[in-house]
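In: predicted model and sequence below, questions to follow.
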Amino acid sequence: MPTNLKTIINKETDLVILSLEGELDFHHAPDFSDQLNTLIDQQNHNRIIVNLEKVTFIDSVGIGAIAIAAKKVSRNEGSLQMVCAPSRIESLLRVAGLVSMIKRSIGLYETLEEARNAVLKKREPVVVK
């Protein structure tokens, strides 16, 4: 039986933070994608931070959901940032061949504060290496 994915959505004045806990995999990615689509398409949010600090596993379907949301947000002149432990997530991104795409459209940050500051200051994302 798959581990549950807990999602906490915090709406701030100029951005939305989705904090995830658990596994973002093919079992849970469709629900997560629906949440992102609601925020982007129905509620018109275009500054989103996806906090993966408490994600224990992510597969290509989960990464795909984030990548699709980032593309939608960028079409609306917004931004999507990810907060993650670089060693855990970046290695999977490298295997999936997504590092160059991620660097172009999604900022990777080590802390939520860094991601929030980048969104609010409208700076170019600094990619964690």
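Out: Alright, I've got the coordinates.

In: pLDDT below threshold where in this structure?
Out: Under the criterion pLDDT under 70, the flagged ranges of the chain are 1-2, 85-105, 122-129.

In: could you pull out the helices for it?
Out: With helices called from DSSP state H, the chain shows them at 29-37, 60-75, 86-96, 99-105, 112-121.

In: now the longest one: buried residues?
Out: I take that to be helix 60-75. Across helix 60-75, burial judged by 16 or more other Cβ atoms under 10 Å covers 60-63, 65-67, 69-70, 72-73. Yep, even glycine has a C-beta here, placed from its N, CA and C like the rest.

In: give me the most central residue, this protein.
Out: Val50 (3.4 Å; Cα atoms, centre = their mean).

In: from Leu15, how far off is that one?
Out: Taking Cβ to Cβ, to the nearest Å as the measure, Val50 falls 11 Å from Leu15.

In: tell me how far Leu108 lies from Ala70.
Out: Relative to Ala70, Leu108 is positioned 11 Å away (Cβ to Cβ).

In: then Val83?
Out: Separation of Val83 from Ala70 (Cβ to Cβ): 14 Å.

In: Gln42 too?
Out: In terms of Cβ to Cβ, Gln42 sits 18 Å off from Ala70.

In: hey, which strand is longest across the chain?
Out: Across the chain, the longest stretch assigned as strand under DSSP state E is strand 47-58.

In: now do that one and helix 29-37, the angle between them.
Out: Orientation check (axes from the mean of the first three to the mean of the last three Cα atoms, to 10 degrees): strand 47-58 against helix 29-37 gives 170 degrees.

In: paired strands for strand 47-58, with orientation please.
Out: The strands beside strand 47-58 in its sheet (DSSP bridges) come out as strand 16-24 (parallel), strand 79-83 (parallel).

In: surely the residue nearest to the centre of the chain and Ser79 touch.
Out: No. Using Cβ atoms under 8 Å, Val50 is not in contact with Ser79; the gap is 11.3 Å.

In: give the contact list for the nearest residue to Ile40 once chain neighbours are set aside.
Out: With sequence-adjacent residues excluded and distances taken as Cβ to Cβ, 6 or more residues apart in numbering, Ile40 is closest to Lys72, at 5.1 Å. If a contact means Cβ atoms under 8 Å, 6 or more residues apart in numbering, then Lys72 has 37, 40-41 as its contacts.
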